[in-house]
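S.K.: sequence and predicted structure, then a few things I'm wondering about:
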Amino acid sequence: MSREIIHTSNAPAAIGTYSQAVKVGDVVYLSGQIPLVPETMTVVEGDFATQVRQVFDNLSAVAKAAGGSLQDVVKLNIYLTDLAYFGTVNEIMAEYFQQPYPARAAIGVASLPKDVPVEMDAILHLGA
Ligand SMILES: C=C(N)C(=O)O
């Protein structure tokens, strides 16, 4: 099965040696998104909740470019520099996802690119 590289200007450009997403058949692997504003490539101004929304908006834009949406997410990985943010992430995630929710991991990490507090990557299964 061939690989399709997904790119959209509606999400931040890659800041390293990766693609925004890679699609193989009905499965799409979304790279980690941090709270960068696509137009400026700077970290969104605002509180942690604003940053989480920016990450979901970025993932959503890449999912759309791949022919899907956040509703096609079957696995979400969330990386947090402080697990005290766990409750806020759950609240905001509920704005973007309806039940049944995807499988998920929430992982505390020491640091993330650009010194942001949150990064997420995802796997989509289109049409599942
Ligand atoms: C932000 C990323 N996804 C990266 O550096 O891999």
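M.R.: Perfect, thanks for sending it.
S.K.: need the pLDDT of the nearest residue to residue 29 once chain neighbours are set aside.
M.R.: Using Cβ to Cβ, 6 or more residues apart in numbering and skipping the chain neighbours, the partner closest in space to residue 29 is residue 22 (5.0 Å). Heads up, the C-betas are built off the backbone N, CA and C, glycines and all. You'll see residue 22 listed with a pLDDT of 98.
S.K.: just checking, next helix/strand downstream of the helix or strand where residue 22 lies?
M.R.: Counting by DSSP states H and E, the secondary-structure element that holds residue 22 is strand 21-24. Per DSSP H and E, the first helix or strand lying C-terminal to strand 21-24 is strand 27-33.
S.K.: list the buried residues for that following strand?
M.R.: 27, 28, 29, 30, 31, 32, 33 (16 or more other Cβ atoms under 10 Å).
S.K.: give me the beta-bridge partners of the second one?
M.R.: With DSSP bridges as the criterion, residue 28 is bridged to residue 23, residue 124.
S.K.: quick check: it touching residue 121?
M.R.: No. If you go by Cβ atoms under 8 Å, residue 28 and residue 121 don't touch, sitting 11.1 Å apart.
S.K.: just to revisit the earlier point, what's next to the strand holding residue 22, contact-wise?
M.R.: Strand 21-24 has contacts (Cβ atoms under 8 Å, 6 or more residues apart in numbering) with 1-6, 28-31, 62-63, 65-67.
S.K.: check stretch 67-84 too.
M.R.: Defining contact as Cβ under 8 Å, 6+ apart, one finds that stretch 67-84 is touched by 23, 28, 32, 56, 59-60, 63, 86, 89, 96-98, 102-112, 116-128.
S.K.: among those residues, which ones lie close to the ligand?
M.R.: residue 32 (Cβ under 6 Å from any ligand atom).
S.K.: let's see which of the contacts of stretch 67-84 end up in helices.
M.R.: Members of the contacts of stretch 67-84 lying in helices (criterion: DSSP state H): 56, 59, 60, 63, 86, 89, 96.
S.K.: from residue 37, how far off is the fifth one?
M.R.: I take that to be residue 86. 25 Å (Cβ to Cβ, to the nearest Å).
S.K.: and what of the third one?
M.R.: Counting by Cβ to Cβ, the gap from residue 60 to residue 37 is 14 Å.
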